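Asks: Here's a sequence, model it:
(chains A and B)
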Protein chains: 2
Amino acid sequence: MIARSPLAPDAFPELPAVAGVDIGVAETGLKYKGRPDLLLMRFIDGTQVAGVFTRSLCPSAPVDWCRQHLAGGEARGVVVNAGNANAFTGKSGAEACEAVVAAAADALTCRPSRIFAASTGVIGEVLPASKLTPHIEAMAADMAGDRWSDAATAIMTTDTFPKGATRRVDIGGTTVRINGIVKGSGMIAPDMATMLAFIATDAAIPADVLQACLSAATDKSFNCSTVDSDTSTSDTVLAFATGQAANPEIKDADDPALAAFRAALDDICVDLAKQVVRDGEGASKFITINVTGADSDQAAKRIALSIANSPLVKTAIAGEDANWGRVVMAVGKAGEKAERDRLSISMGGTVIAKEGAAVEGYDEGPVAAHMKGQEIDVDVDLALGDGKATVWTCDLTHGYISINADYRS
Amino acid sequence: MIARSPLAPDAFPELPAVAGVDIGVAETGLKYKGRPDLLLMRFIDGTQVAGVFTRSLCPSAPVDWCRQHLAGGEARGVVVNAGNANAFTGKSGAEACEAVVAAAADALTCRPSRIFAASTGVIGEVLPASKLTPHIEAMAADMAGDRWSDAATAIMTTDTFPKGATRRVDIGGTTVRINGIVKGSGMIAPDMATMLAFIATDAAIPADVLQACLSAATDKSFNCSTVDSDTSTSDTVLAFATGQAANPEIKDADDPALAAFRAALDDICVDLAKQVVRDGEGASKFITINVTGADSDQAAKRIALSIANSPLVKTAIAGEDANWGRVVMAVGKAGEKAERDRLSISMGGTVIAKEGAAVEGYDEGPVAAHMKGQEIDVDVDLALGDGKATVWTCDLTHGYISINADYRS
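Replies: Below you'll find the predicted structure:
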């Protein structure tokens, strides 16, 4: 058992029911004992779905399945297991995924193509479907709308706390609800996509509009976080809109009536992404990296991720050392335009280096005090253009090594 | 004091003198005590020089200096200090570099543009030239041709052993000698260039030919190694040809008479690159990653480096865990063409996975035994084309965290 992350929030937030969504969980004992490890969500007829997946060229069987059925735009259920990723498992893996989906479709009396699936855990072992399917009928028979905490727990792997977020927002005079859950916490470098996250809303939003909102939100949230630079084979974000709030019809992602909803969705995704980083394997510090003055926003993000993924920067911060020279190194290796003699670096709001050299009479005192805290801010200004980006990461500690040197044993 | 790497060779190889090269070292106490930390090499008049440098966009002052003077093609000396990288130090850093170079030029009675320089250590602190310059005249007065072991020691930072290699080879009937030294051992990701390496030969080879040979050799050696994915601001490889062997004239890098020399130079560079990896910070395993069947050699190298730089692959190997699923993950995230259902993975010569899934009846026994050794082989075949690459790296252990969390204190 890994100790709860020191960066964890005090408690799981209270997630109220979302009209049109029911939740069931089960303990299958597939890998984890004494906790739920299988999640089934049921959605009311007509629920719209959107998804964003890993850009890994070796995606898992459930990612293949979801991609194949996303175009339909409708979902009646999602089934998720923890402990086995069903990735790199070839034809047998695809068959195992189909078997679990078929059992869920039977239990929820819908077509298999309306069931979405995700698996997380060890890569390379075929999912033993027969350990999951016997539980599904009982799960479907015992569901409730308010079991979001159980749902967030059932999808955990090396996570040390369940992660969720909720917002209430207005669409054209109608109040709608958005809930989201997510799991981490290693193999996190969603420069491409993210780990498993599930979002549900009672808003009435057609699938294509929901997809546009979700893709934009993912780019500003999960795709701006990294734990260890390793991109998973299984990254999946799915969003479901049940329509039960019966808000006025929305036809376009740019509809002004949708602005508050989109802001809330962005906000939930950022909240969930930060929770993943706070539970990064072995994390003891939460690090926010702000890059400004880059050639473009894309260049700023690449530089910010180069800093966030540098093991030397991350270990220095673990050691509470304001080793800003390693930040310079990471800027230099990013491959984006940078001029040493224009670069400024601050930590905790104190300017350390300016125009290519340490500031005269630099007093390390306030920076040293900042480094002892749990929330570390690194600001880099390139003084070249208007490009900017913010990326969240955690430090690299002995805990990461311990967790990952014997993950399978 | 860090313990000697368990992967270190038994002893420093015997490097004989290279005609036309003299070596002096000094203890300046700049950062390290009780060991030489300043190196001065003198080359006979007419010595030809070639160099390869970091592609970091924030290079150190000595890298700027070397780039500026390489076109001259001739060198009379090189001066190298350990403990301060003189990187990101602006105008003062450039002046400090010039002061050290001027002192060396005085002592060796040549123009400053004939002196090359390198610095390694902490980034962001201006090199205190006045701590180095007083030693230079005495060093020049007390030189010898056979002090290669001292030279290799004087350039060490977190290295736990001095690194060198030597070869004897024939050019057009004349025997020539090539010696090389190198230092590591963190901030090593010379996908772009490498750390500090110095190579000297008594062969008569013009600078442009030497440059072609060195660039090709670097690409096949230093650029195929990585410790931690972090590319230094100071990476420098310099090669000097004194011409004292008086071999028949060489005008072209493709001259058949040069073939044996080029093979020996490649060989020395590979030898030195492997020594750097064997002394990677915290290393307990030396890992060889072979990728075959890729779309191109470049694609193979990118995939091999993606595996070699994955913290999850490196920690699994540290834990002696044949977690080949993480190899799949690293192939998938590399962004190069890969088809899951054609991919094969072997470790220690045992095929583990084939055509997108674990081989039937896979016996983990021999692989588990292989993982307990110090030399780990990971072979990946993509079954797509003829592209291949070999990359060397080490594992990621608690030692790396310990060394880097308190490097400056």
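Asks: Now the stretch 1-150 of chain A against chain B: closest residue?
Replies: In the stretch 1-150 of chain A, the residue that lies nearest chain B is residue A:123 (2.7 Å; Cβ to the nearest Cβ). No exception for glycine: its C-beta is placed from N, CA and C like everyone else's.
Asks: ok, and the closest non-adjacent residue to residue A:140?
Replies: residue A:107 (3.7 Å; Cβ to Cβ, 6 or more residues apart in numbering or on different chains).
Asks: I'd assumed residue A:142 was in contact with that neighbour.
Replies: No: here residue A:107 does not reach residue A:142: they are 11.1 Å apart, not a contact under Cβ atoms under 8 Å.
Asks: Settle it for me: which of those two has more neighbours?
Replies: For residue A:107 versus residue A:142, the count of surrounding residues by other Cβ atoms under 10 Å in any protein chain shown is larger for residue A:107: 22 against 12.
Asks: quick one, phi/psi of that one?
Replies: Per-residue torsions, residue A:107: phi -70, psi -30 (degrees, to the nearest 10).
Asks: Tell me which residues touch it, please.
Replies: Under the criterion of Cβ atoms under 8 Å, 6 or more residues apart in numbering or on different chains, the neighbours of residue A:107 are A:40, A:136, A:137, A:139, A:140.
Asks: cool, and residue A:243?
Replies: By Cβ under 8 Å, 6+ apart, the neighbours of residue A:243 are A:20, A:44, A:46, A:47, A:48, A:202, A:203, A:204, A:205.
Asks: one more time with 7 Å
Replies: A:20, A:46, A:47, A:204 (Cβ atoms under 7 Å, 6 or more residues apart in numbering or on different chains).
Asks: Now do the SS call for it.
Replies: coil (DSSP: H, G, I helix; E, B strand; the rest coil).
Asks: could you pull out the helices for the stretch 1-150 of chain A?
Replies: A:61-70, A:90-107, A:133-141, A:148-154 (DSSP state H, counting those that start in this stretch).
Asks: same check, this time on the stretch 301-409 of chain A
Replies: A:311-318, A:324-333, A:364-371, A:398-405.
Asks: what about stretch A:225-233, distance to the chain center?
Replies: Centroid displacement of stretch A:225-233 relative to its chain, using Cα atoms, centre = their mean, to the nearest Å, is 10 Å.
Asks: Could you list the buried residues of it?
Replies: Within stretch A:225-233, the residues scored as buried using 16 or more other Cβ atoms under 10 Å in any protein chain shown are A:225, A:226, A:227, A:228, A:229, A:230, A:231, A:232, A:233.
Asks: how about the contacts of residue A:243 in TSV, adding distance to residue A:319?
Replies: Shown next, in TSV, are the contacts of residue A:243 (distance: Cβ to Cβ, whole Å):
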residue	distance to residue A:319
A:20	49
A:46	54
A:47	49
A:204	52
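Asks: Tell me the residues of the stretch 201-350 of chain A that contact chain B?
Replies: A:228-233, A:310-312, A:315-316, A:318-319, A:321, A:323-326, A:328-329, A:331-333, A:338, A:340-341 (Cβ under 7 Å from any Cβ of the partner chain).
Asks: List phi and psi for the residue lying closest to residue A:183 once chain neighbours are set aside.
Replies: In space, and not counting its chain neighbours, residue A:183 is closest to residue A:155: 4.5 Å by Cβ to Cβ, 6+ apart. Backbone geometry at residue A:155, expressed as degrees, to the nearest 10, gives phi -100, psi 0.
Asks: which ones are touching residue A:155?
Replies: A:39, A:80, A:82, A:120, A:181, A:183, A:196 are the contacts of residue A:155 under Cβ under 7 Å, 6+ apart.
Asks: Among the residues you listed, which one sits closest to residue B:30?
Replies: In terms of Cβ to Cβ, no member of the contacts of residue A:155 lies closer to residue B:30 than residue A:183, at 48.9 Å.
Asks: Burial check on the closest residue to residue A:184 other than its chain neighbours, number of neighbours?
Replies: Of all residues beyond its chain neighbours, the one nearest residue A:184 is residue A:276 (4.0 Å), with distances taken as Cβ to Cβ, 6+ apart. Applying the criterion other Cβ under 10 Å, we find 27 residues in the vicinity of residue A:276.
Asks: Within the helices and strands, which one has residue A:276?
Replies: helix A:259-278 (DSSP states H and E).
Asks: what residues does that helix touch?
Replies: Contacts with helix A:259-278, where a contact means Cβ under 7 Å, 6+ apart, come from A:5, A:7-8, A:163, A:165, A:167, A:169-171, A:176, A:178, A:180, A:182, A:184-185, A:188, A:195, A:197, A:199, A:203, A:213, A:217-218, A:220-222, A:224-225, A:227, A:286, A:392-394.
Asks: If we go by neighbour counts, what in stretch A:257-268 is buried?
Replies: A:257, A:258, A:261, A:262, A:264, A:265, A:266, A:267, A:268.
Asks: Which one of the residues you listed is nearest to residue B:132?
Replies: residue A:266 (54.1 Å).
Asks: who's residue A:167 bridged to?
Replies: Note on residue A:167: beta-bridge partners by DSSP bridges are residue A:178.
Asks: Return the distance of residue A:403 relative to residue A:70.
Replies: In this view, residue A:403 and residue A:70 are 33 Å apart by Cβ to Cβ, to the nearest Å.
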